[in-house]
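Student: Next come a sequence and a model predicted from it.
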Amino acid sequence: MDIFQKTVQYFPMVAVNIILRNSKGEFLFVKRKNNPAKGLFWTPGGRVLNGERIEEAAHRLLKEETGVEGELNFSSSTFFEEIFPTHDFEGRNWKNYSSETKTVHYLATAVLMELKNQGDIQLDSQSEDYKWQIDLPNNHPYLNNYFDLIKPHL
């Protein structure tokens, strides 16, 4: 078992979700190919690395996942607990997680970023599609939490 699998099995991870807004007031949503949130349109984002500030992680993750850059508008200091079970209804494990890992636990926050330039979105291997829109693409409670955090700053 690698260090990531051990870490996920025993400890919560810190994550940042990026609310990226373009000049038309639309937000970027990416369709996830992996868990958690597989198959859903979601915000770019991910784990904060040891020694990395939330804002640094947001810039890194946005560039890695979408190929574009954003300017930080607001960074929340509020965190939500997100707990995703790693077994589906048939008992199959998520790819990349040990069978002993029953949940993936995040302490997650959100940042609001403005798109720096209208470059082409170039998705990494974690996403299969993207769209820009004003409304949320689904009613997942965690996605709602991110937008509730940044709503006063829109």
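Tutor: Received, thanks.
Student: Can you name the helix or strand that residue 5 falls in?
Tutor: Element membership of residue 5, judged by DSSP states H and E, is helix 3-10.
Student: Next, the buried residues of that helix.
Tutor: By neighbour count on 16 or more other C-beta atoms under 10 Å, the buried set for helix 3-10 is 8, 9. Where you see a C-beta, it was placed from the backbone N, CA and C, and this is true even at glycine.
Student: With just CA atoms, put that helix into PDB.
Tutor: Output in PDB follows, covering the C-alpha atoms of helix 3-10 (Å, rounded to 0.1, in the frame of the first residue of the first chain):
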ATOM      1  CA  ILE A   3       1.700   6.500   1.300                       C
ATOM      2  CA  PHE A   4      -1.500   8.100  -0.200                       C
ATOM      3  CA  GLN A   5      -3.600   5.000   0.500                       C
ATOM      4  CA  LYS A   6      -2.300   4.900   4.100                       C
ATOM      5  CA  THR A   7      -2.900   8.600   4.600                       C
ATOM      6  CA  VAL A   8      -6.500   8.400   3.300                       C
ATOM      7  CA  GLN A   9      -7.100   5.300   5.400                       C
ATOM      8  CA  TYR A  10      -6.200   7.000   8.700                       C
END
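Student: quick one: that helix to chain centroid distance?
Tutor: Taking C-alpha atoms, centre = their mean, to the nearest Å, the mean C-alpha location of helix 3-10 is offset from the chain mean by 19 Å.
Student: C-terminal to that helix, what's the next element?
Tutor: For helix 3-10, the succeeding helix or strand toward the C-terminus, using DSSP H and E, is strand 13-21.
Student: That following strand versus helix 3-10: what angle between them?
Tutor: On the basis of axes from the mean of the first three to the mean of the last three C-alpha atoms, to 10 degrees, strand 13-21 is oriented at 100 degrees to helix 3-10.
Student: most centrally placed residue in this structure?
Tutor: In the chain, the C-alpha nearest the mean C-alpha coordinate belongs to residue 45, at 3.1 Å (C-alpha atoms, centre = their mean).
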